[in-house]
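Undergrad: got a sequence here, can you model it:
(one chain, ligands or ions: 2)
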Amino acid sequence: MSKNKVQIFDTTLRDGEQVPGCKLNTEEKIVIAERLDILGVDIIEAGFPISSPGDFNSVVQISKIVKNATVCGLTRANEKDIDAAAEALKYAIKPRIHTGIGTSESHIKYKFKSTPEKIIERAKEAVKYAKKYVEDVEFYAEDAGRTDNEYLARVCEEVIKSGATVLNIPDTTGYCLPEEYGAKMKYLMENVRGIENVILSCHCHNDLGLATANSIAGAQNGARQIECTINGIGERAGNTALEEVVMIMKQHPYLDLVTGINTKLLYSTSKMVQQHMGLVVQPNKAVIGDNAFAHSSGIHQDGVIKNRKTYEIMDPEEVGVNESSIVLTARSGRAALAYRAKNLGYELTKIQLDIVYPEFLRFADVRKEIQNDDIHEIIQTTKVFANNVEA
Ligand code: KIV
Ligand code: ZN
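TA: Residues are numbered from 1 along each chain as shown. Ligands and ions are numbered 1, 2, ... in the order given. Below you'll find the model as predicted:
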């Protein structure tokens with residue numbers, strides 16, 4: 001694997017599916033898993049097998065059909081969970097068990113009523129136990145974002161010695177700032193013995209809207225796996241959005257970070273997940289939202305019509321959107337109106353445009369958006385062609 005390849009670990013079917021009201025049945029999960037495999041994700045977290053018979057069965061079925069990606073199952077740090085995950089993953093060509101435990105002071109004290117030393121023991125035991133079943137074992141240090149770096153480094157070192165192949169450093173509560181999360185990764189890269197033999201992974205939540213920025217900061221500081229979901233869905237404010245981190249790495253080549261994602265499938269994959277989950281993303285959602293390539297202000301429209309690079313940093317076709325759209329509203333200028341009219345077969349001269357534009361504004365003031373039918377009506381109302389008004 002290239003030194004700069006960042007593996008994309010998709011957890012739409014596990015962390016993403018934890019969104020209230022977004023339960024998917026096994027058939028829907030299979031369809032999404034097939035699509036994720038075609039999209040080019042490296043790892044599909046298919047579920048949490050011990051959590052329910054339905055989830056167990058989904059992991060079994062997904063393991064049977066995924067051809068390229070590693071299929072992963074989540075567990076807590078106990079034998080029963082790990083047994084269930086190993087059983088559910090037995091048909092996978094490339095199985096991975098994802099086990100772990102909370103490492104922050106509050107998790108150790110309140111959740112486990114335990115001590116830091118005992119938590120390290122449980123972490124080691126869980127990794128060793130998972131290793132009996134599969135070679136590929138990922139360890140998560142839950143709430144690593146709020147875990148003291150020195151202690152986190154000790155946990156990491158011990159689980160590497162026990163056989164972990166990937167170390168997941170979740171910002172479970174979405175609390176970290178990008179500098180802080182990046183510095184955490186740097187600290188681990190510099191202070192954990194054996195780190196060169198494993199992959200560090202970013203798993204960021206979006207409680208403060210920083211999941212994407214934190215994941216990129218993590219990758220800039222040595223992480224080579226990003227855990228994310230389609231449309232950024234997930235627990236509370238969601239997880240890192242797959243489409244965002246992938247396009248950031250693509251649009252900023254100097255970062256020297258690459259993924260294996262076929263970006264032309266991002267838009268259709270996003271729509272597919274929205275439909276199955278019944279969860280529609282906001283129109284201004286980065287990369288795949290309905291307005292991501294729509295221009296509505298007159299100044300912007302004029303620029304885009306002259307050269308789309310004036311106001312677009314990525315080609316919509318790169319993410320599978322056919323073309324940018326010029327939305328006609330009361331904020332639109334003459335250039336946009338002339339452009340749309342031309343597409344509808346009306347070549348407006350300057351004089352005709354001077355007549356049509358005020359009528360367009362009158363319409364636009366009462367409608368939110370001007371559609372093609374409205375343009376026909378406006379042009380007919382002004383009679384600029386009937387009267388043979390020419391420049
Ligand atoms: O956010 C988190 O800490 C998680 C772990 C279970 C990996 O989802
Ligand atoms: Zn999570």
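
Undergrad: quick one: the strands in the stretch 251-391 of the chain?
TA: According to DSSP state E, counting those that start in this stretch, the stretch 251-391 of the chain carries its strands in the segments 294-295, 325-326.

Undergrad: identify the residues contacting the last one?
TA: Residues lying outside strand 325-326 but in contact with it, judged by CB atoms under 8 Å, 6 or more residues apart in numbering, are Phe293, Ala294, His295, Ser296, Gln301, Val304, Ile305, Ser332, Ala336, Tyr339, Arg340. Backbone N, C-alpha and C define where each C-beta goes, glycine included.

Undergrad: these in helices, which ones?
TA: Gln301, Val304, Ile305, Ala336, Tyr339, Arg340 (DSSP state H).

Undergrad: about what we covered before: mean pLDDT, distance to Ile8 and mean neighbour count added to the strands of the stretch 251-391 of the chain, as JSON lines?
TA: Shown next, in JSON lines, are those (pLDDT from 0 to 100; distance: least, CB to CB, whole Å; neighbours: other CB atoms under 10 Å):
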{"stretch": "strand 294-295", "mean pLDDT": "91", "distance to Ile8": "27", "mean neighbour count": "20"}
{"stretch": "strand 325-326", "mean pLDDT": "88", "distance to Ile8": "28", "mean neighbour count": "18"}
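
Undergrad: I'd like the ones you listed laid out as TSV, including distance to ligand 1.
TA: TSV is the format used below for the strands of the stretch 251-391 of the chain (distance: least, CB to the nearest ligand atom, whole Å):
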stretch	distance to ligand 1
strand 294-295	33
strand 325-326	36
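
Undergrad: so can I have a markdown table of these showing distance to Ile119?
TA: Formatted as a markdown table, these follow (distance: least, CB to CB, whole Å):
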| stretch | distance to Ile119 |
| --- | --- |
| strand 294-295 | 50 |
| strand 325-326 | 53 |
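
Undergrad: and stretch 235-248, does that touch ligand 1?
TA: No - Stretch 235-248 stays clear of ligand 1 (CB under 6 Å from any ligand atom), getting no nearer than 6.9 Å.

Undergrad: got the end-to-end distance for that stretch?
TA: 23 Å (CA to CA, to the nearest Å).

Undergrad: what's the average pLDDT for it?
TA: Averaged across stretch 235-248, the pLDDT comes to 97.

Undergrad: packing partners for the strand ranked longest in the chain?
TA: Assignment by DSSP state E gives strand 95-102 as the longest strand of the chain. Counting contacts by 3 or more CB pairs under 8 Å, 6 or more residues apart in numbering; DSSP states H and E, strand 95-102 packs against strand 70-74, helix 79-88, helix 116-131, strand 137-142, strand 166-171.

Undergrad: 7 Å instead?
TA: strand 70-74, helix 79-88, helix 116-131, strand 137-142 (3 or more CB pairs under 7 Å, 6 or more residues apart in numbering; DSSP states H and E).

Undergrad: now distance to ligand 1 too, for those, in a markdown table please.
TA: Below are the helices and strands packed on strand 95-102 laid out as a markdown table (distance: least, CB to the nearest ligand atom, whole Å):
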| stretch | distance to ligand 1 |
| --- | --- |
| strand 70-74 | 6 |
| helix 79-88 | 11 |
| helix 116-131 | 13 |
| strand 137-142 | 4 |
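
Undergrad: give me the contacts around stretch 58-72.
TA: 26, 29-30, 33-34, 36-37, 41-47, 49, 73, 88-89, 91-92, 94-96, 98, 136, 138 (CB atoms under 7 Å, 6 or more residues apart in numbering).

Undergrad: only alpha carbons, please: show stretch 164-171 as CSV.
TA: Taking C-alpha atoms only, stretch 164-171 is exported to CSV below (Å, rounded to 0.1, in the frame of the first residue of the first chain):
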residue,chain,number,x,y,z
ALA,A,164,-3.8,-5.1,17.1
THR,A,165,-3.3,-4.2,13.5
VAL,A,166,-5.2,-0.9,13.5
LEU,A,167,-5.6,1.7,16.3
ASN,A,168,-8.8,3.7,16.3
ILE,A,169,-8.6,7.0,18.2
PRO,A,170,-12.2,8.1,18.4
ASP,A,171,-13.2,11.6,19.3
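
Undergrad: centre of the chain to the worst-scoring helix or strand of the chain on mean pLDDT, how far?
TA: None of the helices or strands of the chain scores lower by mean pLDDT, DSSP states H and E than strand 325-326, at a mean of 88. Chain-centre distance of strand 325-326: 25 Å, with CA atoms, centre = their mean, to the nearest Å.

Undergrad: partners of that strand, with directions?
TA: Counting by DSSP bridges, the strands paired with strand 325-326 are strand 294-295 (parallel).

Undergrad: where does the protein dip in pLDDT?
TA: Applying pLDDT under 70 to the chain flags residues 1, 387-391.

Undergrad: quick check: residues of the chain near ligand 1?
TA: Asp15, Tyr140, Glu142, Asn168, Pro170, Thr172, His203, His205.
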